[in-house]
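Visitor: pasting the sequence and the predicted model now:
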Amino acid sequence: MERVDTPLIAAERPMLEAWLDFQRATLALKCRGLSPEQLATRSVPPSTLSLLGLVRHMAEVERHWFQRCLLGADQPPLYRTEAARDLDFDGATPDNASEGLSTWETECDASRSAVAASDSLDAIGKTPWRRGEVSLRWILVHMIEEYARHNGHADLLRETIDGAVGV
């Protein structure tokens, strides 16, 4: 995933899509060049936060909002179960680093397709909680916020792993 600068002037939809892709690419940059062991390095005990955990979490979030809520697809969670609600983080190990990155990229591609198939930012998705219905506009803004928050975590994790800052 290549990070491309966002447009300074654009219509709402291309602007939101560009910012979301920018945030996705930022997480990819934070992970670039690291070994599976480094990707699975946890922050500070007892936390299970790691770059790989963030990637797995965002794959789960992508699937939830775009496939399950926006499109209404009957797809099970990727990592989360009722018995293990934090398996995206807790199950992030060096031996599943490649799978985690690949799954995240696949979910990002599926999300882009879901957005492209929606004729309007006013398209409505259904969520089993919160207020029941959300617009594509809301989902895009929420996803930008979700990535931005977690990219802050990724900054700190990457600096702890190899001292790299500003990637």
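Guide: Received the coordinates, thanks. Residues are numbered from 1 along each chain as shown.
Visitor: excluding chain neighbours, what is closest to the residue nearest the centre of the chain?
Guide: Centrality entry for the chain: nearest residue to the mean C-alpha point is residue 58, 2.7 Å, by CA atoms, centre = their mean. Spatial nearest neighbour of residue 58, chain neighbours left out: residue 104 (6.0 Å); criterion: CB to CB, 6 or more residues apart in numbering. Quick note: C-beta positions are derived from backbone N, CA and C, even for glycine.
Visitor: which residues does whichever strand or helix holds that neighbour contact?
Guide: With secondary structure defined by DSSP states H and E, residue 104 is part of helix 97-117. Contact with helix 97-117 is made by 1, 17, 21, 24, 31, 36, 39-40, 52, 55-56, 58-59, 62-63, 65-67, 70-71, 78, 92, 136, 140, 143, as judged by CB atoms under 8 Å, 6 or more residues apart in numbering.
Visitor: from residue 80, how far off is the closest residue to residue 16 other than its chain neighbours?
Guide: Nearest in space to residue 16, with sequence neighbours left out and distances taken as CB to CB, 6+ apart, is residue 140 at 4.3 Å. Counting by CB to CB, to the nearest Å, the separation of residue 140 from residue 80 is 22 Å.
Visitor: tell me the angle of the longest helix seen in the chain relative to helix 97-117?
Guide: Longest helix in the chain by number of residues (criterion: DSSP state H): helix 136-162. Using axes from the mean of the first three to the mean of the last three CA atoms, to 10 degrees, the interaxial angle of helix 136-162 with respect to helix 97-117 works out to 160 degrees.
Visitor: and helix 136-162, what does it pack against?
Guide: Using 3 or more CB pairs under 8 Å, 6 or more residues apart in numbering; DSSP states H and E as the contact criterion, the elements in contact with helix 136-162 are helix 12-31, helix 51-62, helix 97-117, strand 124-126.
Visitor: so how far is it off the chain centroid?
Guide: For helix 136-162, the distance between its averaged C-alpha position and the chain's averaged C-alpha position is 8 Å (CA atoms, centre = their mean, to the nearest Å).
Visitor: show me which residues of stretch 143-150 are buried.
Guide: 143, 144, 146, 147, 150 (16 or more other CB atoms under 10 Å).
Visitor: quick one: which of residue 140 and residue 80 has more around it?
Guide: residue 140 (23 against 18; other CB atoms under 10 Å).
Visitor: and that one, what does it touch?
Guide: For residue 140, the set of contacting residues under the criterion of CB under 8 Å, 6+ apart consists of 16, 17, 20, 115, 121.
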